[in-house]
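Q: I'd like to go over a predicted model; first the sequence, then the structure.
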2 protein chains.
Amino acid sequence: MQVFADRNAAAAGIERRAKLFRGLADPSRLAILGVLCEGPLVVHEIVKHTGLSQPNVSNHLRCLLDCGLVASDRDGRFIRYRISSPRIAALLNDVDALLDVVAEGVGACDNYREA
Amino acid sequence: MQVFADRNAAAAGIERRAKLFRGLADPSRLAILGVLCEGPLVVHEIVKHTGLSQPNVSNHLRCLLDCGLVASDRDGRFIRYRISSPRIAALLNDVDALLDVVAEGVGACDNYREA
DNA sequence: GCATCATATCACTCCTTGCTGATATGTTTG
DNA sequence: CAAACATATCAGCAAGGAGTGATATGATGC
């Protein structure tokens, strides 16, 4: 049955997409990516800009680093983080464009409470 | 302190983005959106194409509908669903483009297990 | 080498959310 | 109106993931 072949072929791509979206689906990580889109920052600067706790920022940074969404460079006792690709900023812009179309629906959707 | 004003101003946008990403961060919903990108389908066709259970598909469709990502039209005793905007397909393509850059990192990231 | 600062990791708890099975609503046909 | 089909909703369970506080690692300067 052709449907099954398509499904299996698509499954890997779907899971990849889902994993990336999960990486982006948290306000803390979006806040971190947001400030990093303005330019590279060391951890305590990210903490200050986002208002998140330091361990929390470190946890999310590790996640983002593992996923390849950010990169890091040691600078003395600081570690400076930056987004790994301008495509990330582009993707966030695309999301905002989509939100311009479906914004009120997203706001009304109660399936996902606010984090 | 200027940082706080920026943070509050950004918070609403960030939460909106996060909500949209959460809507996209599930393999079942991505599978549904994937088949709907090929063209409109009624529920039992979506069930067949995705291999998901019928209540599961209905639940996700309600979520996608509330969020404005899909739209529906009654057709006799069928209800036909379609993506609400071509921007959704565009966004998925952008994601794939980003994945071409960070794919191995996303695969390696263990912070999010497979659903 | 010790104190200090920057960052990372760990153990734990709570909440969110996805899935399932059963059932309800709604629509068409005979 | 009754039967059959299409879809939606509900209650409950199980697991994933975010946040916190304490602590560990690592680097710098005196």
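A: Sure thing, it's come through.
Q: switch to C-alpha atoms for all contacts and neighbour counts from now on
A: Will do.
Q: ok, which stretches of chain A are helices?
A: A:2-24, A:27-38, A:43-50, A:54-66, A:86-108 (DSSP state H).
Q: just send the ones you listed back as TSV, with mean neighbour count, mean pLDDT and distance to B:Leu65 too.
A: Shown next, in TSV, are those (neighbours: other CA atoms under 10 Å in any protein chain shown; pLDDT from 0 to 100; distance: least, CA to CA, whole Å):
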stretch	mean neighbour count	mean pLDDT	distance to B:Leu65
helix A:2-24	18	76	19
helix A:27-38	20	96	22
helix A:43-50	18	96	32
helix A:54-66	18	94	30
helix A:86-108	17	83	8
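Q: reformat those helices as a markdown table; add distance to B:Leu64.
A: Shown next, in a markdown table, are these (distance: least, CA to CA, whole Å):
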| stretch | distance to B:Leu64 |
| --- | --- |
| helix A:2-24 | 15 |
| helix A:27-38 | 20 |
| helix A:43-50 | 30 |
| helix A:54-66 | 27 |
| helix A:86-108 | 9 |
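Q: quick one: which of those helices is nearest DNA strand D?
A: Across the helices of chain A, DNA strand D has its closest neighbour in helix A:54-66 (4.3 Å, CA to the nearest atom of the strand).
Q: starting at the chain centroid, how far to that closest one?
A: Chain-centre distance of helix A:54-66: 11 Å, with CA atoms, centre = their mean, to the nearest Å.
Q: tell me what that helix is packed against?
A: helix A:27-38, helix A:43-50, strand A:70-75, helix B:86-108 (3 or more CA pairs under 8 Å, 6 or more residues apart in numbering or on different chains; DSSP states H and E).
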